[in-house]
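Peer 1: I need the structure of the sequence given here:
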Amino acid sequence: MGASRDLDFSEYFGARVQRFRRVAFALCGDWHGAEDLVQAMFVQLYRRWRRVRPDTVDAYARRILLNAFLAGRKKAVREHVTSDPPDRASSPDHDSHDRVDLERALTGLTPRQRAMVVLRFLEDLPVAEVAALLGVAEGTVKSQTARGVEALRAALPAPTTTEEW
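Peer 2: Coordinates of the predicted model:
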């Protein structure tokens, strides 16, 4: 029984870890923080693995990740005192100026707005599901997402189009 549980969890982990890393990075804006969030999420998920229904495991994992992100934002004030600043790692996917601009713009949003924008547009979740995850009304998700997108548009440079004929 225990071996089957571990095998099922290992398969789930292998299939979903990259997706949750991307979501966590979009939420917190830093790969180290994203790794910490995903690790905490999978540890908590493993503890409850036997009780989670297979058809709801993604939603449950997303809820754990979101709660960990929001709880960390409320209580964490991080100070890093060093004599030399660390080298900044580039993202594993690619290092484009547009991506850096978007990451900076996302950090300007409140944690809840950022979570709503990430869940709506990166995870492509419907308004009702985002509202349920965050425990708010659907109208709140709509208005806060709209404000978040408006803030992103204001923070990002207007796209330039160069057409070659």
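Peer 1: okay, now the residue lying closest to Ile64 once chain neighbours are set aside: neighbour count?
Peer 2: If the residues on either side of it in the chain are set aside, Ile64 comes closest to Met41, at 4.7 Å by C-beta to C-beta, 6 or more residues apart in numbering. For every residue, glycine as well, the C-beta is placed using N, CA and C. Each residue near Met41 was counted by other C-beta atoms under 10 Å, and the total is 25.
Peer 1: mind telling me what element Met41 is part of?
Peer 2: Secondary structure from DSSP states H and E places Met41 in helix 31-47.
Peer 1: give me the low-pLDDT residue ranges for this structure?
Peer 2: Of all residues in the chain, those with pLDDT under 70 make up the ranges 1-2, 73-102, 158-165.
Peer 1: for it, what spans make up the strands?
Peer 2: Ranges of strands in the chain, per DSSP state E: none exist.
Peer 1: that older thread, separation between the residue nearest to Ile64 and Ala131?
Peer 2: From Met41 over to Ala131 the distance is 21 Å, taken as C-beta to C-beta, to the nearest Å.
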